[in-house]
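Q: Build me a structure from this.
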Amino acid sequence: MKFYCIADEDTVRGFRLAGIEGRAVTTLKEAQAALKAALDDAAIGILILTERVAADVRRQVDGVRSTRSRPLVVEIPGPEGPIPGRKTLRQFVQEAVGVRIGHEEDA
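A: From the prediction side, this is the model:
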């Protein structure tokens, strides 16, 4: 099972340093093509997208999540930081578990 990253050039470069392949995209067409290629690769088990890329291809990402068991699609903040108004991973876990974890982030 492989990890694969679709994101901006800086994020993809960082993941490559960690041994994770990826494809840098700057346009909607590039993002759609990269997502299709990644979904066609049965070896990819975890697909990492920046929030901005995922927002561009939201319909396809939601379709993957609702109809396929693999790959697991993980959205991460890009170099510009999290999209304002989005819940953090900590907030999702706290809501799901009902337990406060660690300290609160600054608003």
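
Q: show me what contacts V12?
A: C5, I6, G22, R23, A24 (Cβ atoms under 8 Å, 6 or more residues apart in numbering). (C-beta placed from N, C-alpha, C; glycine too.)

Q: beta partners of the first one?
A: The residues listed as beta-bridge partners of C5 by DSSP bridges are G22, I48.

Q: what's around it, how many residues?
A: Around C5 there are 26 other residues, counting by other Cβ atoms under 10 Å.

Q: swap in the last one?
A: The tally of other residues near A24 (other Cβ under 10 Å) stands at 17.

Q: Please pull out the lowest mean pLDDT helix or strand from this protein.
A: Sorting the helices and strands of the chain by mean pLDDT, DSSP states H and E puts helix 89-97 at the bottom, at a mean of 67.

Q: Now for the nearest residue to A43 once chain neighbours are set aside: which residues touch it?
A: Nearest residue to A43, sequence neighbours excluded (Cβ to Cβ, 6 or more residues apart in numbering): K2, at 4.9 Å. The contact partners of K2, taken as Cβ under 8 Å, 6+ apart, are E21, D41, A43, I44, G45, I46.

Q: quick one: the first one from D62, how far?
A: What that stands for is E21. To D62, E21 is 24 Å away according to Cβ to Cβ, to the nearest Å.

Q: Just the pLDDT at P82, thanks.
A: For P82, the pLDDT comes out at 71.

Q: Look up how far E75 lies from it.
A: For P82 relative to E75 (Cβ to Cβ), the value is 10 Å.

Q: list residues touching both of these two?
A: Taking Cβ under 8 Å, 6+ apart as the criterion, P82 and E75 both touch E51.

Q: Please identify which of those two sits among more neighbours.
A: The neighbour comparison of P82 against E75 (other Cβ under 10 Å) goes to E75, with 19 against 14.

Q: Phi first, then psi, for the more buried one.
A: Note on E75: backbone dihedrals following degrees, to the nearest 10 are phi -100, psi 130.

Q: Not including adjacent chain positions, what is the nearest residue to it?
A: Using Cβ to Cβ, 6+ apart and skipping the chain neighbours, the partner closest in space to E75 is A54 (4.6 Å).
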